[in-house]
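Engineer: the sequence isn't on hand, but the structure is:
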């Protein structure tokens, strides 16, 4: 699922694959470093798609866990779009807009990464290509979807500057569209046995005003709506009834019920990493779980 609106900007990330579990020493770059790195990123992207040079490049010189970028409505990218709209010089030609730490070394709130999600081997730096005319934006967006996944390796001097500026050993630095990043995350969750959860996450990212259910026995029952997930929380008898187990077998299924509760906690943790609030709805035997979640 992705937005095919021709007025939509091109949304992407610089993905830094860290070596040996080492974390960057800098959470965000100062304005000088941010501008220098943004200039190299713009050059790299224009080598792949020349029309990139006709658009504004709006770059967040701060690194995040991929789950922070892939949140309801893509909030970090939307914030960059707001900054692009407010920045001086609109309609005066392509601009390079790089945002990082302020003069006192403080990181503004939109660029503050979630410390609870630190430690992963992949950190991403969001960027937006905006401005220009509708036709150019659409051309650039479609072309990047075609080329970045296969050919989006950052140039060596770009990767070296990122490595030195952030203070981290970088194995690889490459460019992805937001759709590329989402596809990678979908594959990762599939490998972790969480494929059934992906449609809810994808809806939250790209169509946050729509509704999505997870109804796939024996998985937990979930409903995404209005930016949150309502999850059915069954007591043992309610779980036994909802999933069609014989009532006289429920006591013998305690271990399976415990595994079910662990599965709920796992899914809730993933949803919360993506910034989605989870509301538990208690369901007892004899109650209609779907009706309670739909209420």
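Structural biologist: Sure, I can see it. All of these numbers come straight from a predicted model, not from anything done at the bench. Residues are numbered from 1 along each chain as shown.

Engineer: and the helices in the stretch 101-250 of the chain?
Structural biologist: 134-151, 156-166, 178-191, 198-206, 236-242 (DSSP state H, counting those that start in this stretch).

Engineer: please point out which parts of stretch 62-73 sit buried.
Structural biologist: 62-72 (16 or more other Cβ atoms under 10 Å). C-beta: built from backbone N, CA, C; applies to glycine.

Engineer: for those residues, give me JSON lines that also has pLDDT and distance to residue 273.
Structural biologist: As requested, the buried residues of stretch 62-73 are exported to JSON lines (pLDDT from 0 to 100; distance: Cβ to Cβ, whole Å):
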{"residue": "62", "pLDDT": "95", "distance to residue 273": "18"}
{"residue": "63", "pLDDT": "95", "distance to residue 273": "16"}
{"residue": "64", "pLDDT": "96", "distance to residue 273": "11"}
{"residue": "65", "pLDDT": "96", "distance to residue 273": "7"}
{"residue": "66", "pLDDT": "96", "distance to residue 273": "9"}
{"residue": "67", "pLDDT": "96", "distance to residue 273": "4"}
{"residue": "68", "pLDDT": "95", "distance to residue 273": "8"}
{"residue": "69", "pLDDT": "96", "distance to residue 273": "11"}
{"residue": "70", "pLDDT": "96", "distance to residue 273": "9"}
{"residue": "71", "pLDDT": "94", "distance to residue 273": "9"}
{"residue": "72", "pLDDT": "92", "distance to residue 273": "12"}
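
Engineer: of these, closest to residue 99?
Structural biologist: Nearest to residue 99 among the buried residues of stretch 62-73: residue 62, at 7.9 Å, using Cβ to Cβ.

Engineer: distance check, the closest one against residue 144.
Structural biologist: With the distance defined as Cβ to Cβ, to the nearest Å, residue 62 ends up 21 Å from residue 144.

Engineer: in helices only, show me the buried residues of stretch 62-73.
Structural biologist: Secondary structure from DSSP state H places 66-69 of those in helices.

Engineer: re the thing from before, the helices of the stretch 101-250 of the chain: which one's closest to residue 103?
Structural biologist: helix 156-166 (16.8 Å).

Engineer: ok, residues contacting that closest one?
Structural biologist: 14, 16, 24-26, 29, 33, 36-37, 40-41, 43-44, 63, 125, 154, 169-170, 172-173 (Cβ atoms under 8 Å, 6 or more residues apart in numbering).

Engineer: could you rerun that using 10 Å?
Structural biologist: Contact partners of helix 156-166, identified using Cβ atoms under 10 Å, 6 or more residues apart in numbering, comprise 14, 16, 18-19, 23-30, 32-34, 36-37, 39-41, 43-44, 61-63, 100, 123, 125, 153-155, 168-175.

Engineer: buried ones among these?
Structural biologist: Taking 16+ other Cβ under 10 Å as the criterion, what is buried in the contacts of helix 156-166 is 14, 16, 18, 23-24, 26-29, 33-34, 37, 39-41, 44, 61-63, 100, 123, 125, 154, 168, 170, 173-175.
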